[in-house]
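>>> Predicted model and sequence below, questions to follow.
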Amino acid sequence: MKKFDLPLLLDGAMGTMLQKAGLRPGEIPELMNLDHPQAVRDIQAAYVDAGSRVIYANTFGANSIKLKKTGHTAREVILSGVRIAREAARGRALVGLDVGPLGQLMEPLGTMPFEEAYALFAEMVRAGAEAGADLIAIETMTDLAEARAALLAAKENSALPVFVTMSFDASGRTFTGCTAASAAAVLTGLGADAIGVNCSLGPKEVLPILEEMRAHTPLPLIAKPNAGLPDPVDGHYSLSAPDFAFDMRALTDAGAQIVGGCCGTDPEYIRALAACAGTAGEALAPCAPGPFLCTPTQPMPLNKVRLIGERINPTGKKRFQQALLENDLDYIVGVAIQQLDAGAEILDVNVGYPGVNEEEMLPRVVKALQAAVDAPLQLDSVNPKALEAALRVYSGKAAVNSVSGKEESLNAILPLVKKYGAAVVGLALDDDGLPDTAEKRFAIAEKILSRALSLGIPREDVWIDCLTLTVSAQQEQAMETLGAVRLVREKLGLQTVLGVSNISFGLPSRLLMTQTFLVCALFAGLTLPIVNPNQKEIMDAVAAFRALNREDGESKRYIERFAGAPAQAAPAPTAARLSLREAVVRGLKSEAGAIAKDMLADHAPLALVEQHLIPALDQVGADYEKGAVFLPQLLSAAQAAQAVFEKIKEALGGTERETVSKGRILIATVQGDIHDIGKNIVKTVLQNYGYDVTDLGRDVPPETIARAAEEGKAPLVGLSALMTTTLPAMEETIRQLRALENPPRIMVGGAVVTEAWAKSAGADFYARDARAAALIAKEVFGV
Amino acid sequence: MHEIALYAEEGFPPRFRYRICTVEMTGEGVLLREAGLLLPGKTAELMLREAPKAALVLCTLGLGFDTALRSAQARDMARAVMLDACGSALVEAGCDQAEEALRSLFPGAYLTDRFSPGYGDLPLNVQPGLLSALDAQRRLGVYVTDGCLMNPSKSVTAVIGLCEKPQRARIRGCAFCALRGDCVYRKRGTECEKI
């Protein structure tokens, strides 16, 4: 790897300089490499003359998406861009391949999959390396998922040093909500060589953002801010070159060693910076970040007890196993939400089950979870390929559960942990099995730690699980486990993990035993208990411990939790008085579920649906049509019905479930359309009339819908479109569905769809709203 | 409902930016010179024929709102629907704020109704050029898809003419609405603005 020296002076703005050199509004700046190479070269030579020791090639937007309609390839534009920069540098400065955002939002905010973004960046990186760039400068990123894709592509397709800078707004977050702390931790873990901030705001405004980054990385920091703030009317930036250089001092004092300018700067600004550089503060000692986990939007320092929810796991859970086999991601997301609402802070994710391809399922579940919930994940698998597939697509800093002291495990798991910058749970067992004394388990913990350190995994990312054994079977082991936790915590200072529920297996009053063991373990130094947060007794014990351990200032949360609570949990009083029908009509979700559970004792599931649930939904539907209730009430009723269906599904085995499904419906928002709340409303309502709904999502190509209809043998397909511009895509989808051997019936809806259009496009039905869709389904399926 | 509206207002205040351009009538449409943006069709011509200058406006609730909406959909669809509606109202309120800002910036000017790509015969495909003229991706995090849809979903672009003479309403109201024929409010004998 070529080295770069510190401190290092970068260049200034390129875009505004190109405009001065003749680039017109709407033109693609990177094409100047081909059409006006001299203009580009002159700008870069001016930066080198001013003192820049790294110049960025004019390749910021040279990706295949932005160049699509130009007739030029990314490679062609990059080869010329890097060549021009090298000519301008003439050995006096390094040349960075400039890599900016692709211009399309990635999943889950947008529609571009991680893999596609990776491929586009990889194409740029290979061309840049071929052209002789000295380093890769990924910049102006606002989505950590996209920055990760670019960084991984840079690392896997070249040996060049990689700089990564992101752009933040005055709130200290990027437009996607990413925090500086999360960005720093994730990019550091993934192997960037220097990280920081570019564009965004002026130097003064960038200072707190850079300081937050510094607390979460030992890497050199980059600051390439704008020349102050732009005037809203004429767009001119507020800082002159001397003022900019003066303000930049605050950033170099705060640890920025690689500096330059972004919007509004020119060679004069770089010259002013160069003049100050000699007097800039010397390098600060690199920061030592503490143990940390995060999503892009939620940084989570591990500085107190954090609860890991254990419920995303099929072991012993029929309903969960079924969800996995049926690819029912909504159910799994529901389990996640329930745990977070109950107080879990990190979610363990385990999808290992016979008949499930973990290498596909684990990343799929990770994508679904990070689209809907904002909690760090602990990826739980024995399959290294599944772990890697999930680590690739996870946008935050995850934990891997687990590695053990076994040679095979150390060799397979630790390199993944290092490559993706994850934390790892080390199980205190090895090739000789689980030792029976605290000291021997501690020795394995030391071994795992030293192996991790030798691979460059930071100490704070190694967590140790001293393993809980069942007290009814091996009574003497409980105290050994606790002793090992104490040793690891006191002598190594590492985070400790423990799944506590196992302690009480086979005993009466299991909760009491689990609760007591948890309290002992917390006192011994357990920091990351793996628990079922839905168990009130467990959460009560944690609340009490947090008050005792001074994690709960003035015992506020303890008091909130218990003050005014009834001494004994009374049975829900309303449930006894309400009928199922009333509970559904009034949209009372938990009451409806509770009543249904009671009724299932002496009602057949199908009878419950036909005699109680459907009449309730029909009543709400009729009221909705009359305008007596509105969409939110219709949906509340639908959700109450969903709670009833959940109880029925729990009560039934897989095959019997078919008897309560009234038929299969496929729904999708058509290609080009990204607004899907309308489709989701229809899905909620149809599901709660008892139909099996397969949701293909938004922006779905006609071929995908046709193929799914053919394979899934759905007798009814629902299509949604919001914009007039996507009606042709809907028409094409209808055409392809009609051309199938067994064409399904088709219903269409959405803001711009009318009854007349539906007929002319060849649809069977026009669904004005969700209620209408349910009536159409009834007509098609006869139930 | 009130609680959801407050949550939206506090969590996702609309942000806007604008750019003032000189208006030129050409044979192919209205040219907004500094932006290099051509607005074809009769709507733009009708709206801007008395305007020597025009403002391009972008207002958005940001991606945070979409994230919150997606999370709400996973938790509670009824709440999500209300949040979605509040978001639509909020981004329109943001456009009103942008208009107010323009009024105080140009005290003597008369503003035309604001109109957007997709209104009348102003095609949606001017959206990418309009957003690029406002440097939307970098300044406000607003992206445009191949199909010319904006992401974040609660984003509005608009053009407002700045005139020297008073302007009459030209596009507000049922007479100008594309949904007129199929409108549920009109069928009930009322109008959306009166609800």
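Now that the structure is in, tell me what you want to look at. Quick caveat, the model's predicted, so the values are computed rather than measured.

>>> Check the residue in chain A that chain B sits nearest to and give its pLDDT.
Nearest residue of chain A to chain B: A:Phe175, at 2.6 Å (C-beta to the nearest C-beta). Quick note: C-beta positions are derived from backbone N, CA and C, even for glycine. You'll see A:Phe175 listed with a pLDDT of 93.

>>> Find the nearest non-adjacent residue to it, please.
Counting by C-beta to C-beta, 6 or more residues apart in numbering or on different chains, the nearest residue to A:Phe175 once its immediate chain neighbours are dropped is B:Gly141, at 2.6 Å.

>>> before we move on, what SS does residue 31 have?
Just so you know, I chose chain A. Following DSSP: H, G, I helix; E, B strand; the rest coil, we place A:Leu31 in the helix state.

>>> right idea, wrong chain: chain B
B:Leu31 is classified as strand under three-state DSSP.

>>> Next, count neighbours for it.
17 (other C-beta atoms under 10 Å in any protein chain shown).

>>> what sits against it?
Residues near B:Leu31 by C-beta atoms under 8 Å, 6 or more residues apart in numbering or on different chains: B:Val23, B:Glu24, B:Met25, B:Leu37, B:Leu38, B:Leu39.

>>> can you pull the contacts of the residue lying farthest from the centre of chain B?
Each residue of chain B has a distance to the centre, and by C-alpha atoms, centre = their mean the biggest one is for B:Arg75: 29.6 Å. Shown here is B:Arg75, whose contacts under the criterion C-beta under 8 Å, 6+ apart are A:Ile337.

>>> ok, A:Leu219 touching A:Ala194?
Yes - checked against C-beta atoms under 8 Å, the pair A:Leu219 and A:Ala194 is within contact range at 5.6 Å.

>>> outside of the helix or strand that A:Ala543 is a member of, which residues touch it?
Mapping A:Ala543 onto the secondary structure by DSSP states H and E places it in helix A:536-548. The contact list for helix A:536-548 (C-beta under 8 Å, 6+ apart) reads A:304-305, A:307, A:342-343, A:500, A:511-512, A:514-515, A:518-519, A:522-523, A:529, A:531-533, A:552, A:555, A:557-558, A:561-562, A:569.

>>> Could I have the ChimeraX command that selects the buried members from these?
The following ChimeraX command selects only the buried members of the contacts of helix A:536-548, with burial defined by 16 or more other C-beta atoms under 10 Å in any protein chain shown:
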select /A:305,307,342,343,500,514,515,518,519,522,529,531,532,533,552,555,558,561
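
>>> quick one: which of the contacts of helix A:536-548 sit in helices?
Those of these mapping onto helices are A:342, A:511-512, A:514-515, A:518-519, A:522-523, A:557-558, A:561-562, per DSSP state H.

>>> quick revisit: farthest-apart pair in the contacts of B:Leu31, please.
Greatest spatial distance among those (C-beta to C-beta): B:Met25 and B:Leu37, at 13.9 Å.

>>> Those two: which is more packed in?
Using other C-beta under 10 Å as the criterion, B:Met25 and B:Leu37 rank with B:Leu37 on top: 23 against 12.

>>> List the residues that contact the more buried one.
Residues in contact with B:Leu37, defined by C-beta under 8 Å, 6+ apart, are A:Pro25, A:Gly26, B:Cys21, B:Leu31, B:Leu56, B:Val126, B:Gly129, B:Leu130, B:Ala133.

>>> Try it again at 7 Å.
Listed by C-beta atoms under 7 Å, 6 or more residues apart in numbering or on different chains, the contact set of B:Leu37 reads B:Val126, B:Gly129, B:Leu130, B:Ala133.

>>> and those residues near chain A, which?
The subset of the contacts of B:Leu37 within reach of chain A, by C-beta under 7 Å from any C-beta of the partner chain, is B:Gly129, B:Ala133.

>>> are any of the contacts of B:Leu37 buried, and which?
Burial of those was assessed by neighbour count (16+ other C-beta under 10 Å); the buried members are B:Val126, B:Gly129, B:Leu130, B:Ala133.

>>> Need the max-distance pair from the residues you listed.
When C-beta to C-beta is used, the two most widely separated members of the buried ones among the contacts of B:Leu37 are B:Val126 and B:Ala133, lying 9.9 Å apart.

>>> residues from the stretch 651-783 of chain A in reach of chain B?
The stretch 651-783 of chain A comes close to chain B at residues A:Gly672, A:Asp673, A:Ile674, A:His675, A:Ile677, A:Asn680, A:Ile681, A:Thr684, A:Met723, A:Thr725, A:Thr726, A:Thr754, as judged by C-beta under 7 Å from any C-beta.

>>> centre of the chain versus the longest helix along chain B, how much separation?
What stands out as the longest helix in chain B, according to DSSP H, is helix B:77-105. Mean-position distance between helix B:77-105 and its chain equals 10 Å (C-alpha atoms, centre = their mean, to the nearest Å).

>>> in that helix, what counts as buried?
In helix B:77-105, counting by 16+ other C-beta under 10 Å, buried: B:77-87, B:90-91, B:94-95, B:98-99, B:101-102.

>>> Which residues does A:Thr427 form beta bridges with?
In this structure residue A:427 is Leu, not Thr. Going by DSSP bridges, A:Leu427 is paired in beta bridges with A:Ser404, A:Asp465.

>>> tally of neighbours for it?
By the criterion of other C-beta under 10 Å, A:Leu427 has 22 neighbours.

>>> With the one 4 residues further on instead?
A:Asp431 sits with 10 neighbouring residues when counted by other C-beta under 10 Å.

>>> Would you map the strands across the stretch 401-550 of chain A?
Taking DSSP state E, counting those that start in this stretch as the criterion, the stretch 401-550 of chain A carries its strands at A:423-427, A:462-465, A:495-499, A:528-531.

>>> now those as a markdown table including distance to B:Ser153?
Shown next, in a markdown table, are the strands of the stretch 401-550 of chain A (distance: least, C-beta to C-beta, whole Å):
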| stretch | distance to B:Ser153 |
| --- | --- |
| strand A:423-427 | 35 |
| strand A:462-465 | 39 |
| strand A:495-499 | 39 |
| strand A:528-531 | 37 |
